[in-house]
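**Q** Let me see the structure of the following:
(2 chains)
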Amino acid sequence: MFHIYCPYCEEWREEEEFHAKGQAHIQRPLDPESCSDEEWGDYLFFRDNPRGIHHELWVHAVGCRKFFNITRNTQSYEILETYKMGEQPRFTAECPNGESRDGAASADLDSQTASVQEARA
Amino acid sequence: MQRYSGFALAKHALSHHENWERQWRNPTPKKAYDVIIVGGGGHGLATAYYLAKEFGVKNVAVIEKGWLGGGNTARNTTIVRSNYLWDEAAALYEHSMKLWEGLSQDLNYNVMFSQRGVLNLGHTLQDMRDIQRRVNANRLNGVDGEVLDAKGVQEIVPILDCSKNARYPVLGASWQPRGGVARHDAVAWGFARGADAHGVDILQQTEVTGFKIRDGRIYGVHTNRGDIEAKTVGCVTAGNSGVMAKMAGIKLPLESHPLQALVSEPLKPVLDTVVMSNHVHGYISQSDKGDLVIGAGIDGYNGYGQRGSYTTVEHTLQAIVEMFPIFSRVRMNRQWGGIVDTCPDACPILSKTNVKGLYFNCGWGTGGFKATPGSGHAFAASLAKGEMHPLAAPFSIDRFHSGALIDEHGAAGVAH
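**A** The predicted structure follows:
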């Protein structure tokens, strides 16, 4: 059972309130009319399926009903962070410790990660 | 291979059954093979068996990172049926069903195939319309099937709650009498023994760590026991296929999820068929040993943890108790999860890839067990000839770019 921090409600809630909606950060092609079959098929059907760190779209279905993102390890099931739509993940496969590549993570992400770490401790 | 028979049993009784030969060897890897099968599950072993037996490719290795029967082969609910809606899927699963019907004789190994019939319940008018459509399609495709009303269902399963008081009353069902169950471990062991007898090397505790690819062509695999060469490699690694594909620089339209099942304490015979319900979501049968075998759905999120989530188990048991109030106090003995690679159209991938000589057989999602012999047979034919077998051809990766999907969500049995 996951305990998930909803970045909009700013509360920890149980897994049953949420639904997973697949991989996060998938951009619909800006000009679908000019897509090749290859590009359109890739957009519709092809997903990352890593054994490790994965960015996922979730919805707080019976809470605020807002969509947000989770960075989760698909092997250990550890949730590394949750973040709002439009924000970028701090933890990635390239920097699994959350060390910002340019050293300037947004203030929002910082406070949120701090609260995640606090809760884990 | 020492054949199993009544006579052999009597003969070995004289020496206290101490001199049976081993069912398969444990050979040292050779430098090169004609064909390498990655993955020693049911599908991989079946592929190797048919390659050697029917297509004359004797120099074959099956590479398995664990041990035989340690993965999904022994982590499923053993149900066999072929009542799929679309022509392509019905043809593939029915091919498998026909092989099941003679499998114990063919392998000289009792896979305990039991054609006790499979019911797919309908709980809404839409369910019943879908069932009618699917059964009609089945019969046009030469697959046996009947539509039953609630009374007909009650006659087959007296312990099922078919009253109108249920939260989701049973309105009827599709009924495939030739469907049933088979002993999953025996399927793996039988195929392994048969493949070994035809000269296939089964390499257990051997993990593929990479592919040897040059100029868009495969030359072999890297393993933890050294490099092994082959110009044809078939990857049959179920839930791990996404990871394997990445090693070969290929992307597959797969997502891996845990799929759970449970078995109860053993009971006296009480259920002599297989009951599945898509609508409330639970499926159940009783094994020859007496325990209830209960299947759950997949977890909603990707995962490689072979355990599954508690919420999914709870949801399934609610459905089972709703359908079978008689089971409300049965205790569950154990629960487990297998990792399934699900496809966007709930159909498998049997396909060539952009790497010449490298083939994938994966994406069986929640329903691979029933297809074990058929999948192995069609895949072996494809590997032997270098051209996809007509039954396998529609399941190419290309369909996700051409749009020729085979949408089997309705007949897949498990919501995903």
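
**Q** Report how far apart the opening and closing residues of stretch A:31-42 are.
**A** 15 Å (CA to CA, to the nearest Å).

**Q** what does stretch A:20-27 give?
**A** 18 Å.

**Q** Kindly list the main-chain dihedrals of the closest residue to residue A:25 other than its chain neighbours?
**A** In this structure, residue A:25 finds its nearest non-sequential neighbour in residue A:55, 5.9 Å apart by CB to CB, 6 or more residues apart in numbering or on different chains. Using the backbone N, CA and C atoms, a C-beta is placed for each residue, glycine as well. Phi and psi for residue A:55, reported as degrees, to the nearest 10, are phi -100, psi 130.

**Q** do residue B:209 as well
**A** Per-residue torsions, residue B:209: phi -110, psi -10 (degrees, to the nearest 10).

**Q** tell me which residues form a beta bridge with the residue nearest to it when sequence neighbours are not counted?
**A** Leaving aside its chain neighbours, residue B:209 sits nearest to residue B:222 (4.9 Å; criterion: CB to CB, 6+ apart). In this entry, residue B:222 is beta-bridged to residue B:210, residue B:227, by DSSP bridges.

**Q** Could you tell me the per-residue confidence at residue B:222?
**A** At residue B:222, the model reports a pLDDT of 98.

**Q** got the contact list for it?
**A** Going by CB atoms under 8 Å, 6 or more residues apart in numbering or on different chains, residue B:222 touches B:208, B:209, B:210, B:211, B:212.

**Q** Need the per-residue pLDDT for the third one.
**A** Predicted confidence (pLDDT) at residue B:210: the value is 97.

**Q** and it, how many neighbours?
**A** By other CB atoms under 10 Å in any protein chain shown, 13 other residues sit near residue B:210.

**Q** Tell me how far it lies from chain A.
**A** 15 Å (CB to the nearest CB, to the nearest Å).

**Q** contacting residues for that residue?
**A** B:221, B:222, B:247.

**Q** same check, this time on the first one
**A** Residues in contact with residue B:208 (CB under 8 Å, 6+ apart) are B:38, B:63, B:65, B:221, B:222, B:223, B:244, B:247.

**Q** Tell me how many other residues surround residue B:322.
**A** Using other CB under 10 Å, residue B:322 is surrounded by 17 other residues.

**Q** er, residue B:331 actually
**A** Residue B:331, neighbours per other CB under 10 Å, totals 6.

**Q** Is it in contact with residue B:263, as I believe?
**A** No. Counting by CB atoms under 8 Å, residue B:331 stays clear of residue B:263, with 10.6 Å between them.

**Q** What is the neighbour count of residue A:27?
**A** With other CB under 10 Å as criterion, residue A:27 counts 6.

**Q** Partner strands of the one helix or strand residue B:61 maps to and their direction?
**A** In this structure, residue B:61 sits in strand B:60-63 according to DSSP states H and E. Sheet pairing for strand B:60-63, assigned by DSSP bridges, gives strand B:35-38 (parallel), strand B:201-203 (parallel).

**Q** So what's the gap between it and the chain middle?
**A** Remark: strand B:60-63 is offset 19 Å from the chain centroid, using CA atoms, centre = their mean, to the nearest Å.

**Q** Low-confidence ranges, chain A, go.
**A** The model of chain A has pLDDT under 70 over residues A:100-121.

**Q** what are the ranges of the strands in the stretch 101-250 of chain B?
**A** Assigned by DSSP state E, counting those that start in this stretch, the stretch 101-250 of chain B shows strands spanning B:118-122, B:146-149, B:172-176, B:180-181, B:201-203, B:208-214, B:217-223, B:226-229, B:232-235.

**Q** Could you list the residues of chain B in contact with chain A?
**A** Residues of chain B found near chain A (CB under 8 Å from any CB of the partner chain) are B:240, B:242-243, B:251-256, B:300-305, B:309-311, B:341, B:344, B:400-403.

**Q** and with 7 Å instead?
**A** Taking CB under 7 Å from any CB of the partner chain, the part of chain B that reaches chain A is made up of B:242-243, B:251, B:253-256, B:300-305, B:310-311, B:344, B:400-402.

**Q** And the pLDDT at the residue nearest the centre of chain B?
**A** Residue closest to the mean C-alpha point of chain B, counted by CA atoms, centre = their mean, is residue B:369 at 1.4 Å. Confidence at residue B:369, expressed as pLDDT, is 96.

**Q** Next up, the contacts around whatever residue of the stretch 51-200 of chain B ends up closest to chain A.
**A** Per CB to the nearest CB, residue B:65 is where the stretch 51-200 of chain B lies closest to chain A, at 13.3 Å. Residues near residue B:65 by CB atoms under 7 Å, 6 or more residues apart in numbering or on different chains: B:206, B:207.

**Q** what do you get for residue B:293?
**A** Residue B:293 neighbours (CB under 7 Å, 6+ apart): B:77, B:78, B:261, B:263, B:284, B:285, B:287.

**Q** The same query, at a cut-off of 8 Å, please.
**A** B:77, B:78, B:181, B:261, B:262, B:263, B:284, B:285, B:286, B:287.

**Q** Nearest to chain A, out of the residues you listed: which one, please.
**A** Here the nearest of the contacts of residue B:293 to chain A, counting by CB to the nearest CB, is residue B:262; it sits at 17.4 Å.

**Q** pretty sure that closest one is in a helix, no?
**A** No. According to DSSP: H, G, I helix; E, B strand; the rest coil, residue B:262 belongs to no helix; its state is strand.

**Q** That one touches residue B:310, doesn't it?
**A** No. Contact criterion CB under 8 Å: residue B:262 and residue B:310 do not qualify, at 11.8 Å.

**Q** These two: who's more crowded?
**A** Comparing residue B:262 with residue B:310 by other CB under 10 Å, the one with more neighbours is residue B:262, at 22 against 13.

**Q** Now do the same contact list for the more buried one.
**A** B:293, B:294, B:296, B:313, B:316, B:317, B:332, B:333, B:334, B:335, B:336.

**Q** So which of those wins on neighbours?
**A** residue B:296 (28 neighbours).

**Q** Which secondary structure state is assigned to that one?
**A** Relying on three-state DSSP, one would call residue B:296 strand.

**Q** pLDDT value on it, please?
**A** For residue B:296, pLDDT reads 93.

**Q** Would you enumerate the residues in contact with it?
**A** Residue B:296 touches B:259, B:260, B:261, B:262, B:281, B:282, B:308, B:312, B:313, B:315, B:316, counting by CB under 8 Å, 6+ apart.

**Q** Chain B contacts on chain A?
**A** A:1, A:15-16, A:19-20, A:22, A:37-38, A:40-42, A:44-47, A:49-51, A:54, A:56, A:72, A:74-75, A:77.

**Q** Restrict the residues you listed to the buried ones and give me that as a ChimeraX selection.
**A** Command for ChimeraX that selects the buried part of the residues of chain A next to chain B, burial taken from 16 or more other CB atoms under 10 Å in any protein chain shown:
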select /A:15,20,41,42,44,45,46,47,49,50,51,54,56,72,74
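
**Q** What about the residues of chain A next to chain B, which are in helices?
**A** Residues of the residues of chain A next to chain B located in helices (DSSP state H): A:37, A:38, A:40, A:41, A:42, A:44, A:45.

**Q** any idea how far the third one lies from residue A:31?
**A** It refers to residue A:40. Distance, residue A:40 to residue A:31, using CB to CB, to the nearest Å: 11 Å.

**Q** before we move on, what about residue B:150?
**A** 53 Å.

**Q** What of residue B:396?
**A** Residue B:396 is 28 Å from residue A:31, by CB to CB.

**Q** same thing with residue B:250?
**A** 27 Å.

**Q** Equivalent analysis for residue B:406, please.
**A** Distance of residue B:406 to residue A:31, given as CB to CB: 29 Å.

**Q** now do residue B:185
**A** 54 Å.
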